[in-house]
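Engineer: Show me the folded form of this:
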Amino acid sequence: MPRSHDSTTGGRILRWSRLPDLPDPLGVAGPYVGSHRGAVVVAGGANFPTEPGGDRWVAPKVWLDRVWVLAPDDAGGRAWHAEHPLPRPMGYGATVSTPQGVVCIGGEDGRRIFADVVLLAWEPLARRLDRHHLPPLPMPLAFGAAATIGSAIYVVGGQHDLGRPPSEAVGYRLDLTGFEPGDQPRDWERLPDVPGGPRLVPVAVVRPDEAGPRLCVMSGRRTATTGVAETMEMLRDVHEFDPAAGCWRRLADMPAARMAGAAVAVSPTWVAVLAGDDGRLAAQTASLKDDHPGFSRTCLVYDADDDAWTTADETPTCQLATTLAPWEGGCVMVSGEIRPRARTPAAWLIETA
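Structural biologist: The predicted model follows:
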């Protein structure tokens, strides 16, 4: 295994270790990524395939139905293998890892947005991935975020139509208490809207507060209209939902946006945001093309005790439009976008201390 990289965050350590690359050499953005029974599951997503020497800036975007599983192999190591594909090419939904399996929520295929919710359950003895359907979302959603608290799945933000309105502030919860594949769980429950208005590609993470876990929702973007002109509004606001009280409260704003990013709780009071786009170069994408330097690798750390943000050392990579999944005592980051129209097959195990 290649050497690990340490990122110091105010005296705490994030250790990044390389895992075997995703077999797709292009990588994907917007995949469903989760873990179940020791396996890592990566499904769907999109990229820009070209012929050798081709220009991906003129290549059409292609959505995928491929499913890959990283699991123990006969040699005692770990290896990726292909599984049965998704029902259709799709990506940019939300994903959570549950005891029952990897839950793939919503998504889109470039033509429409889906409300489908699919459970992918790894059967280690049979070495296969089983597929089950859960109740669909109350509305189609893509480009949102999701997390779990206990046996409940939370979904926030996103877009329900590829036309207008461009984004949503909705929140939903699905309780999987006592659920087993094949059962019919309860329907989705509407939550109070996320404060701060509609948002696409927010970051969602659970902070294990001593008084009870909290759902933190931060950043994202939305389209702002001034007169007849439309601009992209980059969001830095942060909100925290208390499931026991059933209400939101606002936390300190982030120093910079982290759209489509990923975050991990490193203690009951500390949250580290490891990836995301700050939007500084968004207006220059067409002119920069492959000269784009990539997205910010500055780790942002929230301290709930002080309700304040600090910056930490740079991370070894910034892979956005992917989902962190809990795995082997840490979390795994697989594939994602490293700059506009460029993906990576790189996979990492991120451990906290």
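Engineer: give me phi/psi at Ser296?
Structural biologist: Backbone geometry at Ser296, expressed as degrees, to the nearest 10, gives phi -60, psi 130.
Engineer: burial count for the residue nearest to it when sequence neighbours are not counted?
Structural biologist: Once flanking residues are discounted, Ser296 sits nearest to Asp278: 5.1 Å by CB to CB, 6 or more residues apart in numbering. Yep, even glycine has a C-beta here, placed from its N, CA and C like the rest. For Asp278, the tally of surrounding residues (other CB atoms under 10 Å) stands at 20.
Engineer: My read is that Asp278 contacts Met254, right?
Structural biologist: No. Asp278 sits out of contact with Met254 when judged by CB atoms under 8 Å, with a separation of 9.3 Å.
Engineer: Find the residues that touch each one of those two.
Structural biologist: Contact with both Asp278 and Met254 is made by no residue, according to CB atoms under 8 Å, 6 or more residues apart in numbering.
Engineer: Would you mind listing the residues in contact with the closest residue to Pro138 other than its chain neighbours?
Structural biologist: Among residues not flanking Pro138 along the chain, Trp188 sits closest, at 5.4 Å (CB to CB, 6+ apart). Counting by CB under 8 Å, 6+ apart, Trp188 makes contact with 135, 137-138, 172-174.
Engineer: just Met90 next, same as before
Structural biologist: With CB under 8 Å, 6+ apart, Met90 has these contacts: 44, 63, 65, 107-109, 114.
Engineer: Any figure for the gap between it and Val28?
Structural biologist: 11 Å (CB to CB, to the nearest Å).
Engineer: shared neighbours of those two, anything?
Structural biologist: In contact with both Met90 and Val28: Gly44, using CB under 8 Å, 6+ apart.
Engineer: and stretch 187-205, how far apart are its ends?
Structural biologist: End-to-end distance of stretch 187-205 (CA to CA, to the nearest Å): 23 Å.
Engineer: quick one: buried residues of it?
Structural biologist: For stretch 187-205, burial by neighbour count (16 or more other CB atoms under 10 Å) applies to 188, 191, 194-196, 198-205.
Engineer: ok so, going back, closest to Pro326 out of the contacts of Met90?
Structural biologist: Distances from Pro326 to those, taken as CB to CB, are shortest for Gly44 (19.9 Å).
Engineer: I figured that closest one hits Leu64, correct?
Structural biologist: Yes. Gly44 is in contact with Leu64 according to CB under 8 Å; the separation is 5.7 Å.
Engineer: joint contacts of these two?
Structural biologist: Counting by CB under 8 Å, 6+ apart, the residues touching both Gly44 and Leu64 are 28, 89, 91.
Engineer: So which of these belong to helices?
Structural biologist: Judged by DSSP state H, the shared contacts of Gly44 and Leu64 include no members of helices.
Engineer: got JSON lines for these, with pLDDT too?
Structural biologist: JSON lines is the format used below for these (pLDDT from 0 to 100):
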{"residue": "Val28", "pLDDT": "98"}
{"residue": "Pro89", "pLDDT": "97"}
{"residue": "Gly91", "pLDDT": "98"}
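Engineer: Mind putting the residues you listed into a markdown table with distance to Cys331?
Structural biologist: Listed next are these as a markdown table, based on distance: CB to CB, whole Å:
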| residue | distance to Cys331 |
| --- | --- |
| Val28 | 18 |
| Pro89 | 27 |
| Gly91 | 20 |
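Engineer: ok, how many other residues are close to Pro99?
Structural biologist: By the criterion of other CB under 10 Å, Pro99 has 12 neighbours.
Engineer: Can you tell me the strand partners of the helix or strand hosting Asp313 and which way each runs?
Structural biologist: Assigned by DSSP states H and E, Asp313 belongs to strand 308-314. Strand pairing for strand 308-314, determined by DSSP bridges: strand 298-303 (antiparallel).
Engineer: Residues touching the strand it pairs with, excluding its own?
Structural biologist: Under CB under 8 Å, 6+ apart, the answer for strand 298-303 is 7, 9-10, 14, 216, 238, 251-252, 254-256, 258, 266, 269-274, 308-315.
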